[in-house]
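Undergrad: would you be able to build a 3D model of this:
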Amino acid sequence: MIDTIENTPQDKTIVVVGNSMSPTLQALDVVTISTNTRDICPGDIIVFPSPKNAQKVIHRVTSITAQGIMTRGDNSIFIDTWTVNPGDVIGKVGYARRGGRRLHIYNGIVGQLIAWTLFVVNFILYYAKRLIYRINRAFSLSGIIKACLPKIMKPEVLSFKRPEGVELQLIMGRTIIGQYHPSTDRWIIKTPYRLFIDEEYLEKIRLSCKAPPTEASSCREK
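TA: From the prediction side, this is the model:
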C-alpha cells in the first residue's frame, strides 16, 4: 500500500495516511518536511507526487540513478514500480509528531541501515507466512491431523441469522476457531486449526446452510 498525504493549513506540515512506512511513520503522524531537495540521498524519506495518479506519496529513497530516484516503503520488500524525477520531489521529512511526542526521523546512512533492517524482517515474515500457509494447506487436504482427532474435538458449524445474511461459526468444543461473515464473503480460520480444516468442505457446508429466524442451528453438508 502507498502512503498518501493530506495537506494541512501549514504548507510544510503533512498528515500521513496509510501504513506503507510503518513502523517509521504511522497513520495520522504529522510530519514536517524541508523543501530543500538539492541534497537528497539514499536513506532519505521524501515526499513526491505518484507518477500513477498524482497523489502525494511519502517513501524512502533506495537508490539514485541516471534515470531518477528509486523508492520503497519501509513496510514493504518491493521497490516501487516507478522512477521519481528529482525535480518532482516536494521535500524531505525532517521530523514527525505522534500524539504529543516529537519523533526524530533518520535519513541518509542511518536511514539506510534502518531500511535494510526492516527489509530483512519483512522479507522473513513475508516468506514465512507463505510457507506456513502451504504447510497448513497440505495438512488440511491430507486429512491426517483431522483423522487423528478424538470425536470430542471434531469441529461443528453453527449458523446465525444476521441482518446482513447468514453468519457461520466453526466451533470446536466451546471454542470458536473460525467464522464466515456475509459482509466479507470468506472463511477466516484461526491458526493452527487450519491444519485440519478443509476449507472446500466448509464451502459446501456454507452453501447448504440456512439459519432459522431466531436461533442458532447446526449445519451439515446435504
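Undergrad: longest helix of the protein?
TA: helix 108-142 (DSSP state H).
Undergrad: pretty sure Arg97 sits against Val30.
TA: Yes. Using Cβ atoms under 8 Å as the test, Arg97 is close enough to Val30 to be in contact (4.6 Å). Every C-beta, even on glycine, is put in place using the N, C-alpha and C of the backbone.
Undergrad: neighbour count winner among those two?
TA: Val30 (18 against 15; other Cβ atoms under 10 Å).
Undergrad: average pLDDT across the longest helix of the chain?
TA: Model confidence over helix 108-142, given as mean pLDDT, is 82.
Undergrad: what's the answer for stretch 88-104, then?
TA: pLDDT averaged over stretch 88-104 gives 91.
Undergrad: which parts of the protein are helices?
TA: So, for the chain - with DSSP H - the helices run 108-142, 144-148, 199-208.
Undergrad: in JSON lines, list those along with mean neighbour count and distance to Ile188.
TA: Conversion of those to JSON lines gives the following (neighbours: other Cβ atoms under 10 Å; distance: least, Cβ to Cβ, whole Å):
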{"stretch": "helix 108-142", "mean neighbour count": "14", "distance to Ile188": "13"}
{"stretch": "helix 144-148", "mean neighbour count": "12", "distance to Ile188": "19"}
{"stretch": "helix 199-208", "mean neighbour count": "15", "distance to Ile188": "10"}
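Undergrad: in TSV, list these along with distance to Thr35.
TA: Formatted as TSV, these follow (distance: least, Cβ to Cβ, whole Å):
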stretch	distance to Thr35
helix 108-142	18
helix 144-148	59
helix 199-208	52
